[in-house]
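Undergrad: After the sequence you'll find the predicted model.
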Amino acid sequence: MASSRLSRAQKIYCITCKLVSCCATTLLIALTTTAESANAAAGTITSGSCSAVVGETTTASITQVGNDCVLSFNSGSNTWTIASGVTRIDLLAVGGGGGGGADGGSGGGGGEMRKGTNLAVTSGTLSVTVGAGGNGGAWGGGGSTNGAATTVSGGGLSPSFTANGGTAGGGWTTTTGGAGGSGGSGGSGGTGISATSATASSNFTYTLKWRPQSYLEYYRVVVTTPAGEVLSYWTKTPDWRLNDKASGKYLFEITAQGEGDSLSEPVRFAATVTTPINISSKLPTKSTSDCLTTFTSNQLKSIANRLTAQTVVTVTTYYDPKLKGAKKLAAKRVARAAATVKVAKSTLEVRTQVRPTTSKKSLTQITLTTKAPARKLTLTNA
């Protein structure tokens, strides 16, 4: 979007939503404040392949710009029903400017401008309140007022998103004009989080990266390890290398420091490392029975609970081809074993084999082998 010069009474609030399935790959929602509109009517507004369900169509409009959909809210309070498949949004909010001082006093402070990127949302309704500008002071009358905050909340957005209003200007006195109103606090730089696969040099090293937001210089990274140890340091590059062969969950808190030593609100997320667990086991059974022993059943459950999701488990039973009905009994035993594993952990993939043998030792065993998925790292909100 091309930048433009805004008057004190204008506010802008932008949302970018990543769509799982849509004609447009990105939905960008921008909200601007102009004059208030009197009539409220809920419904759907459209433009090209873009559409949005809002609480008040009279104060909202939508425009398709390339693969982006720009949704604008003019003023006051409104809602946007989060479309199916939308999981991440970008926000840009500007609070209302403070009113000018009375009797020829100073101007009001500008509202805070705050931007956030790659913010997680779920489903439901996102509530929007576009902050109005403060009232100017009257000659010989009442004083000026602060601008109102612009807020976004709901829809799984946590915490809610707020851009503060500017402070009202001071009134004129016999000695000098009143002090100008304070501008709202500068918006904190957001950070988007992404992770890469294992580096080519090692199969247990991951590089975590976060996307910097305008003029950021340094990052304070606080890491809590699976053992509970807390590490804190500053870095100039927006990445962190994770080197650990074991499974575990790391908690991250990243704060960006920009120009003037201003600090963003911390971004918190969890990085969970899952490593392969492979097991090979031989468990006792009775070749003359289609049932499992209590010991074998308990062992199968214990093994299943140790495995990671999507692990392939192969259970094999054996039978004497010379004995009538032996194969049928073996098939029932392996089916019971497979069911025991699956009930213990439904996310496992269980396969069965029934094989002939003349080995007396094999006839009294059930063998179990596993093949776990490759090591992986998963990022979630903390």
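TA: Now that the structure is in, tell me what you want to look at.
Undergrad: I figured Asp244 hits Thr274, correct?
TA: No: assessed by Cβ atoms under 8 Å, Asp244 is found out of contact with Thr274, at 11.4 Å. (Each C-beta comes from the backbone N, C-alpha and C, glycine too.)
Undergrad: Those two: who's more crowded?
TA: Higher neighbour count among Asp244 and Thr274: Thr274, with 18 against 15, using other Cβ atoms under 10 Å.
Undergrad: hang on, isn't the more buried one packed against Thr347?
TA: No: between Thr274 and Thr347 there is no contact under Cβ under 8 Å: 12.0 Å.
Undergrad: Show me what the helix or strand harbouring Thr63 is packed against.
TA: Applying DSSP states H and E as the criterion places Thr63 in strand 60-65. Judged by 3 or more Cβ pairs under 8 Å, 6 or more residues apart in numbering; DSSP states H and E, strand 60-65 is in contact with strand 43-47, strand 50-54, strand 68-73.
Undergrad: Just send the ones you listed back as TSV, with mean neighbour count and mean pLDDT too.
TA: Formatted as TSV, the helices and strands packed on strand 60-65 follow (neighbours: other Cβ atoms under 10 Å; pLDDT from 0 to 100):
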stretch	mean neighbour count	mean pLDDT
strand 43-47	13	87
strand 50-54	20	85
strand 68-73	23	71
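Undergrad: mind putting these in a markdown table, distance to Thr288 included?
TA: Compiled in a markdown table, the helices and strands packed on strand 60-65 are given as follows (distance: least, Cβ to Cβ, whole Å):
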| stretch | distance to Thr288 |
| --- | --- |
| strand 43-47 | 69 |
| strand 50-54 | 67 |
| strand 68-73 | 69 |
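Undergrad: among those strands, which is nearest Gly154?
TA: Each of the helices and strands packed on strand 60-65 has some distance to Gly154 by Cβ to Cβ; the shortest is strand 50-54, at 13.6 Å.
Undergrad: Let's see the closest one as CSV, backbone CA atoms only.
TA: Extracted in CSV, the C-alpha atoms of strand 50-54 (Å, rounded to 0.1, in the frame of the first residue of the first chain):
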residue,chain,number,x,y,z
CYS,A,50,-12.5,-10.6,-1.9
SER,A,51,-15.3,-10.7,0.6
ALA,A,52,-15.8,-10.0,4.3
VAL,A,53,-18.6,-10.4,6.8
VAL,A,54,-18.7,-7.3,9.0
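Undergrad: If you count contacts, what does that strand end up packed against?
TA: The contact analysis (3+ Cβ pairs under 8 Å, 6+ apart) places strand 50-54 against strand 26-32, strand 43-47, strand 60-65, strand 68-73, strand 76-81.
Undergrad: before we move on, the earlier item: nearest to Ala148 among the helices and strands packed on strand 60-65 would be which one?
TA: Going by Cβ to Cβ, the one of the helices and strands packed on strand 60-65 nearest Ala148 is strand 68-73, 14.2 Å.
Undergrad: Who does the closest residue to Val230 other than its chain neighbours form a beta bridge with?
TA: Leaving out its chain neighbours, the residue that sits closest to Val230 by Cβ to Cβ, 6 or more residues apart in numbering is Thr224, at 5.3 Å. Judged by DSSP bridges, the bridge partners of Thr224 are Val230, Leu251.
Undergrad: So, low pLDDT: which residues of the stretch 101-250 of the chain?
TA: 101-109, 137-142, 168-204, 212-217 (pLDDT under 70).
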